[in-house]
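S.K.: pasting the sequence and the predicted model now:
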Amino acid sequence: MKILSSVLAIGLIVMGVFLFQSKQSETELNRHLRAQYTERMSDASDKLGELEIAVQKASVFNEPSAQAEPLEDIWRLSSEIKSDIATLPLQRDFSNEWMNYLGRLGDFAKMKSEQKVPEDKWLKVAANVSRNLDEFSNEWENATTDLLAQKEPYKEWRKQVATAKPAENWSGLAKNVKSYTESDFPLTASEADVQKKRELKHIDEKEITKQQAVDQFKKIFPQFKNAKVVTTKSKPGATYPFYHVQFQEGIRIGYADFTVKGGHLLSTLVERPVSKDRIGPEVIKEKANQAAKSYGFDDVELVESRENHSVWHVTFIRVTPENKARVYDDSIQMKLAKDNGEVLGISTMEYIQKETLPSQKVVDINWSEFFTKDVRVENEAFAYTDNKELQQRLCYDLLVVKEINNIPETFQVLVDTETKEVLKTEPLS
């Protein structure tokens with residue numbers, strides 16, 4: 001009995017020591033996080049002051065060479081503050097709005113440095129931004145001071161991130177930054193069009209019912225015609241209305257989403273074990289092409305495939321019938337199992353948004369003069385992509401090779417067919 005009592009006593013002591021050490025570790029973690037987040041917030045506050053000064057400097061000079069440095073500072077500081085904000089567990093609505101504002105400010109400064117923004121427009125925006133940054137600096141200081149005064153900031157911040165009713169100071173900041181964005185950087189016609197596409201406002205087809213969504217699901221995926229399904233509709237306030245069809249059949253479970261208007265497939269995901277059997281990449285591509293046609297995607301081309309340990313990811317791009325141009329922003333992503341090529345996932349959101357393509361001139365370009373002498377053009381085609389104003393532009397889609405240190409490096413280059421502007425240059429591995 002004494003031995004048992006001794007063992008229990010030792011066990012309690014060990015447990016006590018363990019709990020004490022765990023508590024110490026937790027306290028130490030909170031101290032570390034407090035120091036880390038305090039430093040980040042202090043850094044963001046300092047840079048916010050520097051950003052305000054840079055905006056003021058950039059509105060003083062009329063000479064482009066004199067404007068260059070403050071404009072570069074605006075772009076750099078806005079990017080750095082975004083990086084600081086991204087690492088802080090702040091209320092999500094505020095983080096999103098503030099990062100959006102900083103991104104638009106940095107992009108606007110970049111466009112001004114490239115002489116793509118008229119001087120009068122820049123001066124008007126700079127005046128508004130300077131005034132709003134000054135007001136925001138005070139609000140930011142009050143909010144962060146209150147937050148840093150808490151004894152356990154990490155736990156409190158985590159609660160703020162998760163709560164449905166954030167603290168009023170952060171909620172107010174989010175609203176103010178949103179109003180700054182709308183006043184300083186109102187949506188252009190192109191940006192408004194993009195927003196409408198994201199909200200699928202261009203779909204004007206008749207609405208379908210829940211049962212029709214289930215019927216559509218079983219028509220597209222006949223292998224699941226006997227599956228058990230549960231169908232729900234998106235909540236009011238969603239970006240766009242859709243039906244969520246959850247299903248289970250045997251070892252397979254998953255879902256498929258369909259637009260309420262028109263019953264278009266948005267996405268699907270199937271979960272099931274993937275065996276160690278493997279089929280070749282060419283067979284995978286063949287099965288992917290067959291699947292795309294069976295789903296009704298008959299105007300797309302498979303342009304990319306990559307693999308991980310269990311699945312292949314393939315990308316399809318819409319191709320115009322007139323000039324066989326790829327529309328890179330109208331894509332479909334598909335996931336196929338490596339053991340038998342079964343489609344385990346589809347995302348058609350970008351394809352459904354469907355870009356509006358303008359008519360555009362095509363001028364001849366002498367590539368031997370356009371590129372340096374050690375560059376050769378391997379392939380030339382047409383493609384559409386967006387420029388910095390989010391307008392779709394017809395481009396020469398080029399595959400070029402350049403010898404760098406006696407090693408051939410391949411690049412994809414997109415050149416506007418009318419303005420000759422290079423819209424994209426990307427190295428290909």
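M.R.: Noted; the coordinates are in hand.
S.K.: strands of the protein, start to end?
M.R.: 228-233, 242-249, 252-259, 265-271, 300-307, 311-319, 326-337, 343-347, 375-386, 392-404, 407-416, 422-428 (DSSP state E).
S.K.: for those strands, which one sits closest to Ala174?
M.R.: Counting by CB to CB, Ala174 lies closest to strand 242-249 out of those; the figure is 26.3 Å. Backbone N, C-alpha and C define where each C-beta goes, glycine included.
S.K.: so which elements touch that closest one?
M.R.: Helices and strands touching strand 242-249, by 3 or more CB pairs under 8 Å, 6 or more residues apart in numbering; DSSP states H and E, are helix 210-220, strand 228-233, strand 252-259.
S.K.: out of the strands of the chain, nearest to Ser45?
M.R.: Nearest to Ser45, of all those, is strand 375-386, at 35.1 Å by CB to CB.
S.K.: just to revisit the earlier point, could the helices and strands packed on strand 242-249 go into TSV alongside mean pLDDT?
M.R.: What follows is the helices and strands packed on strand 242-249, written out as TSV (pLDDT from 0 to 100):
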stretch	mean pLDDT
helix 210-220	95
strand 228-233	93
strand 252-259	93
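S.K.: buried deepest among the ones you listed, which one?
M.R.: Across the helices and strands packed on strand 242-249, averaging neighbours per residue (mean count of other CB atoms under 10 Å) puts strand 252-259 on top, at a mean of 20.
S.K.: contacts for it, please.
M.R.: For strand 252-259, contacts defined as CB atoms under 8 Å, 6 or more residues apart in numbering pick out 200, 203, 208, 213, 216-217, 220-221, 224, 227, 240-247, 264-272, 352.
S.K.: same question for stretch 223-237.
M.R.: Taking CB under 8 Å, 6+ apart as the rule, stretch 223-237 contacts 210, 213-214, 217-218, 240-249, 252, 260.
S.K.: same question for stretch 398-407.
M.R.: Stretch 398-407 has contacts (CB under 8 Å, 6+ apart) with 367, 371-372, 374-380, 408-415, 428.
S.K.: and for Asp43, nearest residue in space, chain neighbours not counted?
M.R.: Asp84 (5.7 Å; CB to CB, 6 or more residues apart in numbering).
S.K.: quick revisit: weed out the non-buried ones from the contacts of stretch 398-407.
M.R.: Buried residues within the contacts of stretch 398-407, counting neighbours by 16 or more other CB atoms under 10 Å: Trp367, Phe371, Val375, Phe411, Val413, Leu414, Val415.
S.K.: switch those over to a markdown table; also include distance to Leu51.
M.R.: Shown next, in a markdown table, are the buried ones among the contacts of stretch 398-407 (distance: CB to CB, whole Å):
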| residue | distance to Leu51 |
| --- | --- |
| Trp367 | 42 |
| Phe371 | 38 |
| Val375 | 39 |
| Phe411 | 34 |
| Val413 | 34 |
| Leu414 | 32 |
| Val415 | 34 |
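S.K.: could you dump those residues to JSON lines with pLDDT and distance to Ala54?
M.R.: Converted to JSON lines, the buried ones among the contacts of stretch 398-407 look like this (pLDDT from 0 to 100; distance: CB to CB, whole Å):
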{"residue": "Trp367", "pLDDT": "94", "distance to Ala54": "40"}
{"residue": "Phe371", "pLDDT": "92", "distance to Ala54": "36"}
{"residue": "Val375", "pLDDT": "91", "distance to Ala54": "37"}
{"residue": "Phe411", "pLDDT": "93", "distance to Ala54": "33"}
{"residue": "Val413", "pLDDT": "95", "distance to Ala54": "33"}
{"residue": "Leu414", "pLDDT": "96", "distance to Ala54": "32"}
{"residue": "Val415", "pLDDT": "96", "distance to Ala54": "33"}
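S.K.: out of those residues, what pair is the most spread apart?
M.R.: The largest separation in these, counting by CB to CB, is between Val375 and Leu414 at 15.2 Å.
S.K.: show me what contacts Lys47?
M.R.: Applying CB under 8 Å, 6+ apart to Lys47 gives the contacts Leu77, Glu80, Ile81, Asp84.
S.K.: how much space separates the first one from Asp107?
M.R.: This means Leu77. Per CB to CB, to the nearest Å, Leu77 is found 13 Å from Asp107.
S.K.: looking at the two, which one has more neighbours?
M.R.: Counting neighbours by other CB atoms under 10 Å for Leu77 and for Asp107 shows that Leu77 has the greater number, 24 against 14.
S.K.: show me the contacts for that one.
M.R.: Taking CB under 8 Å, 6+ apart as the test, what Leu77 contacts is Lys47, Glu50, Leu51, Ala54.
S.K.: please report how far it lies from Leu48.
M.R.: Taken as CB to CB, the span from Leu77 to Leu48 is 8 Å.
S.K.: that older thread, between the buried ones among the contacts of stretch 398-407, which sits nearest Glu182?
M.R.: For these, the minimum distance to Glu182 (CB to CB) is 31.7 Å, reached by Leu414.
S.K.: who's in contact with that closest one?
M.R.: Taking CB under 8 Å, 6+ apart, one finds Ala383, Thr385, Cys395, Tyr396, Asp397, Leu398, Val422, Leu423, Lys424, Thr425 in contact with Leu414.
S.K.: distance of the nearest residue to the last one once chain neighbours are set aside from Arg376?
M.R.: Distances taken as CB to CB, 6+ apart put Val413 closest to Thr425, at 5.2 Å, once the chain neighbours are dropped. Going from Val413 to Arg376 by CB to CB gives 12 Å.
S.K.: equivalent analysis for Ser368, please.
M.R.: For Ser368, the distance to Arg376 (CB to CB) stands at 9 Å.
S.K.: with Ala54 instead?
M.R.: Noted for Ala54: a distance of 43 Å to Arg376, by CB to CB.
S.K.: cool, and Arg272?
M.R.: 47 Å.
S.K.: same check on Val300?
M.R.: Here the criterion is CB to CB. By it, Val300 lies 30 Å from Arg376.
S.K.: what's the burial count for Glu369?
M.R.: By other CB under 10 Å, the residues close to Glu369 number 8.
S.K.: show me which positions of stretch 401-409 end up buried.
M.R.: Neighbour counts using 16+ other CB under 10 Å place Val401 of stretch 401-409 among the buried residues.
S.K.: start to end distance for it?
M.R.: Start-to-end span of stretch 401-409 (CA to CA, to the nearest Å) is 6 Å.
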